[in-house]
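Participant: Predicted model and sequence follow; I will ask about them next.
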Amino acid sequence: MKNIKTYLSTVAITAMLAMPASAETFKFAYQGDAQGLDPHSLNETFTLGLLGSVYEGLTKYNSNLELQPALATSWETTSPTTWKIALRKGVKFHNGNDFNADDVIFSWQRSLTEGSDQKVRGGMITGIEKTDDHNIIVTTAGPLPVIMQEMTFLYIMDKEWSEANGAAESGNVKNVNDPGYATSNANGTGPFSIVERQPGVRTIMERFDGYWDTDIPSNVTRVEFTPVKEAATRVAALISEQLDLVYPVPVQDWSRLDDAAGVRPLAGPEARTIFLGMDQARDELLHSSVKGKNPFKDIRVRQAFAHAINLDVIDEKVMRGAATPTGLMVAPQINGFVSAMNTPYAYDPAKSKALLTEAGYGDGFTVTMDCPNNRYVNDEKICQAVTSLLAKVGITVDLLAQPKAKYFGKVLAQGGYDTSFYLLGWTPGSIDAHNVYQNLLSCQNADKKLGAFNLGNYCNARITEITDLIGSETDQAKRQALIEEGFKLVQDEVGYLPLHQQPLSWGASDRVTVSQRADNVLDLRTVVIGK
Amino acid sequence: MLTFIAKRMIQSVLVMIAVGLITFALLRFVGDPISNMVGQDTSTAEREELKEALGLNDPFVIQFANFAKNAVKGEFGLSYTLRVPVSQLLSERIPATLELSILSALLALFIGMPMGIYTAIHKDSWLTKLFLSSSLVGVSLPTFLIGILLILLFGVMFRWLPTFGRGEVVDLGWWSTGLLTWSGIKSLILPTITLAIFQLTLIMRLVRAEMLEVLRTDYIKFGRARGLSMKSIHYRHALKNTLIPVITITGLQLGSIIAFALITESVFQWPGMGLLFIQAIGNADVPIMAAYLVLIAFIFVAINLLVDILYVVLDPRLRTTVGD
């Protein structure tokens, strides 16, 4: 009898020991937390990026931001405004329900409910018709070449689950009493399901056995995500092997990671372009020593600024050589980018001074610059460098660097675009130049939802026209020609001063391999843990 | 006595109202929460609508009245960024903060007091000099730096202790504790030391000063003249009289330990109320900030009220003067 007991416990122990061999836990940290689990209530990169392992859209991006089929297997246009989309068969939600056309229609309708922050994406579609359980026809208001790109971040939810749990409408931040069931519960089709979540503390995911794509590289079975606010704490936890991956890592800590055993910095260019903008609309600048006129309306002054800022110095001194100086408002990963036009304005302080003298500002002038200090990589330091570079040509910059909550409250529309000169960064969510035209390049027009982030209202009617045209042009060659025409206008008129693409900066343990996506999304499908 | 307590209670309520008002007025300057609540593609009109719906466009007085009305009921709304009721967030986080604060206070008390007594009795020993000079470090180094140094030493170099989070916690009803698991206890060590160091040096210096004072008094001299043993004089007679002010200060300090735990919490990613508050500042998450500040004010006011009442109970001399 005793022997049997011993034998049984040996079996039990062997079984327990056998498990960890196939179980791989991946622990990672980011500087903040996802703002709830509802896939429609916030359109923000980190939240959607984290949820991208739990939920899926019709399409997805691979490691190089190229469009791939996900819940849709193929699509074609049957007319400029209709798309015939075939849906994947045999896909299951985490609760075991089947994925079908009703879920797509439901999710689209849900993205248009009051609390949704995905109305822009959902609104591109005017109707979805179900042909059968796995075929749909999508109608758009006008021709919309980027619709399938936009669908990557419009995640599909289970109709039955959502309705059964009272989550048929998107979670709504305006509703102060009820965050919504889907804000703290999730049921997607992705490779990982949420098993525990304590907002701001930790989120635990486990591998979903029924995931349709059995070819993903990841061997991770359990994911522990912790938001860690302090960069120093994050880096220390990585070096001491308590975490497998952390991001972002301060650029100045790269050498520490290089020196430490078992960890490495992971760097690459992010698809985010950092640039400076100038108020070109008001007749008198709000914050400047020049009264009665607006110096930025004079193209010579804008040129002078462009030639006074040394992008290489900013890259070397502030960004430790990790940035990519740029002449365009879009990054190489973005559809529409032209490398031939990406040459920055030449650094030429003598020319800059001459231009200022010619424009009547030989003695320089003073202008206030708005800058965030906790939004982009080394944002405040970039502004300080710009300040000292401009000082060399006689421009005095009063730098107003503030936390992002204060900064955005001041410079964005709700603050009345209260800025004369500012630093901003932009990644087009659709990975297409049209988004940049729409938000940054075309003239401000609140009714048409144009130029909302064109804070200085740089305005050229032809560019607004181009924005409209590329929004609906389906001929790729014609579309590209229009995009380039607009880029040339912006460059010639010095509408903006592009600085660089900021670097992605992650730190990872040597036993982890992962693809670093240029939109700073960690795709858990690509995480492989070695021995 | 009852009138005294009633008077103090009314004063406390007034203090709470004043704190609420000041807090609320200050929170208007933390920035714009809207841009953290919506994506970059959200239209200006929708942003404006959200601002309106959250009542951020209402006049100050109305905003404050709404806030106060809900605060009295213990409702602080929904966190703007974590999208969870603030009262739920706070009740989840309180155990972490209290566990850390109370352990730190105990650590400070049980190490600081013996050190204080020792340095008072052995005024010229080399150990006293060591204690006193190293206590200067404890007083002058910022908590943030001490935390980072401990992390580098015990986390990164020696790899003995975890440097962030609480480890595994065990739920006992609504209370979560890290004291029942090995990883929870290990996770407590570094933050507890970091938070305790300042208080420890404070208590040590306080005990030393009080003790030196007491040792100079007449009754100690008489005690020695009577031939009592030095041990009995130091530990029975002198220490007892030293402790009264020490206990008062320590009690009052508990409030500031809880409040200032936020720096330690952010260094060690300790999921307490302070960390919640710091994260909220970055996102202009007004409901969390308001609730935290009011709660901290409440803790301070409650501790002070308790101390005041205890004084009257303990010290008969006070009773006669405030009795009527």
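Facilitator: Received, thanks. Numbers count the residues shown, from 1 in each chain, chains lettered A, B, ... in the order given.

Participant: what number of residues lie near residue 296?
Facilitator: In the absence of a named chain, chain A is used. 24 (other CB atoms under 10 Å in any protein chain shown). (C-beta placed from N, C-alpha, C; glycine too.)

Participant: nope, chain B
Facilitator: Neighbours of B:I296 under the rule other CB under 10 Å: 21.

Participant: same thing with A:D510?
Facilitator: As a burial measure, A:D510 scores 11 neighbours (other CB under 10 Å).

Participant: any idea of the pLDDT on it?
Facilitator: On pLDDT, A:D510 comes in at 96.

Participant: Skipping its backbone neighbours, what lies nearest it in space?
Facilitator: The spatially closest residue to A:D510, leaving aside those adjacent along the chain, is A:G262, at 5.2 Å (CB to CB, 6 or more residues apart in numbering or on different chains).

Participant: show me where pLDDT drops low in the stretch 201-324 of chain B?
Facilitator: Low-confidence segments of the stretch 201-324 of chain B (pLDDT under 70): B:316, B:318-324.

Participant: swap in the stretch 401-531 of chain A?
Facilitator: Scanning the stretch 401-531 of chain A for pLDDT under 70 picks out A:531.

Participant: give me the residue from it nearest chain B.
Facilitator: A:G409 (2.6 Å; CB to the nearest CB).

Participant: That residue contacts B:F29, doesn't it?
Facilitator: No: with contact defined as CB atoms under 8 Å, A:G409 and B:F29 do not form a contacting pair (10.0 Å).

Participant: And these two? Which one has more around it.
Facilitator: A:G409 (21 against 8).

Participant: For that one, give me its contacts.
Facilitator: Contact partners of A:G409, counting by CB atoms under 8 Å, 6 or more residues apart in numbering or on different chains, are A:415, B:31-32, B:34-35, B:284.

Participant: Out of those residues, which is nearest to A:E114?
Facilitator: Taking CB to CB as the measure, A:E114 sits nearest to B:I34 out of these, at 16.3 Å.

Participant: Pick out the residue of the stretch 151-300 of chain B closest to chain A.
Facilitator: Closest contact between the stretch 151-300 of chain B and chain A, by CB to the nearest CB, is at B:A284 (3.6 Å).

Participant: can you map out the strands along chain B?
Facilitator: Counting by DSSP state E, residue ranges of the strands within chain B are B:170-172, B:175-177.

Participant: Take those and lay them out in TSV including mean neighbour count, distance to chain A and mean pLDDT.
Facilitator: Listed next are those as TSV, based on neighbours: other CB atoms under 10 Å in any protein chain shown; distance: least, CB to the nearest CB, whole Å; pLDDT from 0 to 100:
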stretch	mean neighbour count	distance to chain A	mean pLDDT
strand B:170-172	10	11	91
strand B:175-177	16	10	91
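
Participant: Kindly reformat those as TSV and extend each row with distance to A:D258.
Facilitator: Converted to TSV, the strands of chain B look like this (distance: least, CB to CB, whole Å):
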stretch	distance to A:D258
strand B:170-172	40
strand B:175-177	39
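
Participant: so which of those comes closest to A:A306?
Facilitator: strand B:175-177 (56.5 Å).

Participant: And the contacts of that closest one?
Facilitator: Residues contacting strand B:175-177 (CB under 8 Å, 6+ apart): B:92, B:95-96, B:99, B:169-170, B:184.

Participant: Show me which of those is closest to B:P271.
Facilitator: B:A96 (5.2 Å).

Participant: Number of residues surrounding B:A209?
Facilitator: Residues lying near B:A209 (other CB under 10 Å) number 15.

Participant: quick one: A:P265 is in a strand?
Facilitator: Yes: assigned with DSSP: H, G, I helix; E, B strand; the rest coil, A:P265 falls within a strand.

Participant: what's the burial count for it?
Facilitator: A:P265: 20 neighbours (other CB under 10 Å).

Participant: again, but for B:M289
Facilitator: Look at B:M289: counted by other CB under 10 Å, it has 23 neighbours.

Participant: can you tell me which residues contact it?
Facilitator: For B:M289, counting by CB under 8 Å, 6+ apart, the contacting residues are B:23, B:27, B:30, B:277, B:280-281.

Participant: got it, and A:K410?
Facilitator: A:370, A:402, A:418-419, B:32.

Participant: distance of the most centrally placed residue in chain B from B:L26?
Facilitator: Residue closest to the average C-alpha location in chain B (CA atoms, centre = their mean): B:I258, at 1.8 Å. From B:I258 over to B:L26 the distance is 20 Å, taken as CB to CB, to the nearest Å.

Participant: Likewise for B:L14?
Facilitator: With CB to CB as the criterion, B:L14 and B:L26 are 19 Å apart.

Participant: Same check on B:L215?
Facilitator: In terms of CB to CB, B:L215 sits 47 Å off from B:L26.

Participant: so how far is the first residue of stretch A:442-456 from its last?
Facilitator: 11 Å (CA to CA, to the nearest Å).

Participant: Mind listing residues that contact that stretch?
Facilitator: A:277-281, A:296, A:411-413, A:417, A:419-422, A:424, A:426, A:438-441, A:457-461, A:463-464, A:467, B:40, B:43-45.

Participant: which parts of that stretch are buried?
Facilitator: Buried residues in stretch A:442-456, counted by 16 or more other CB atoms under 10 Å in any protein chain shown: A:442-444, A:449-456.

Participant: so who does A:K60 touch?
Facilitator: Each residue near A:K60 by CB under 8 Å, 6+ apart is listed here: A:52, A:67-70, A:152.

Participant: Which of the residues you listed fall within helices?
Facilitator: Members of the contacts of A:K60 lying in helices (criterion: DSSP state H): none.

Participant: Pick out whichever of those sits closest to chain B.
Facilitator: A:T152 (13.6 Å).

Participant: Need the pLDDT of the closest one.
Facilitator: Confidence score, pLDDT, at A:T152: 95.

Participant: Please apply the same query to B:N70.
Facilitator: At B:N70, the model reports a pLDDT of 85.
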